[in-house]
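>>> prediction below, plus the sequence it came from.
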Amino acid sequence: MTVLNIEKYGSKVLRQKSQNVNEISKDIKLLANDMLETMYFAKGVGLAAPQVGKLLRLCVIDVDEKQKSPIVMVNPEVVFGEDKKYLEEGCLSIPSFYEKVKRFDKVTAKYTGLDGNKKEVCAQGFFAVAIQHEIDHLDAKLFIDYLPGFKRKIIEKEIKRKRKRKMGDW
Ligand code: ZN
């Protein structure tokens, strides 16, 4: 398995919509495993294919602190959501920034597993947030898009400053 490069804010690929995965090929399985490895290495709880430069509807999630509950979602979609709440979130493509975003606290999502079978999952809290956050990536959306304009501008300024000084992961 390989740790892949994670695309950061400003990269064009993060603003392009992903295509459906038509077949769970060997390459898709390999990519999913590399994405899990990359996510664990970066200490993240979710990673979507566009974040590693692939415009495919594929994401991996593991909200277990022990990193023992990986879930690979191919062509995922939220089919039900309720009870909107504010929860703090971050993104491996926007390292060191955390903001509260209003999302469904409970969701039901449908997806295809790496075994090719159709699956359904009911999620709550942090897991539900992760699913919505990762599916957003497939639709070219980032969590900071939900913030008011002035807050986004502050973050963009901070990113520029961090990039110049090569601070943290920037
Ligand atoms: Zn993200």
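Alright, I've got the coordinates. Numbers count the residues shown, from 1 in each chain.
>>> middle-most residue in the chain, spatially?
Taking C-alpha atoms, centre = their mean, the centroid of the chain lies closest to E134, which sits 3.2 Å from it.
>>> show me where this protein has its strands.
Assigned by DSSP state E, the strands in the chain fall at 46-48, 58-61, 71-89, 99-112, 118-124.
>>> span of stretch 7-14 from start to end?
7 Å (C-alpha to C-alpha, to the nearest Å).
>>> kindly report the same for stretch 85-96.
22 Å.
>>> closest one to N20 among the strands of the chain?
Judged by C-beta to C-beta, the one of the strands of the chain that comes nearest to N20 is strand 71-89, at 5.4 Å. C-beta coordinates here come from the backbone N, C-alpha and C atoms, glycine included.
>>> helices or strands up against the helix or strand bottoming out on mean pLDDT in the chain?
In the chain, no helix or strand scores lower on mean pLDDT, DSSP states H and E than helix 149-164, which sits at a mean of 95. When contacts are defined as 3 or more C-beta pairs under 8 Å, 6 or more residues apart in numbering; DSSP states H and E, helix 149-164 packs onto no helix or strand at all.
>>> what comes up buried for that helix?
Residues of helix 149-164 classed as buried by neighbour count (16 or more other C-beta atoms under 10 Å): 155, 159, 162.
>>> with stretch 125-133 instead?
127-133.
>>> try stretch 20-30
Burial within stretch 20-30, assessed by neighbour count using 16+ other C-beta under 10 Å, is assigned to 21, 24, 28.
>>> distance from that stretch to the middle of the chain?
Stretch 20-30 has its average C-alpha position 18 Å from the chain's average C-alpha position, going by C-alpha atoms, centre = their mean, to the nearest Å.
>>> gap between E158 and F97?
Relative to F97, E158 is positioned 7 Å away (C-beta to C-beta, to the nearest Å).
>>> anything in contact with each of those two?
Residues touching both E158 and F97 (C-beta atoms under 8 Å, 6 or more residues apart in numbering): none.
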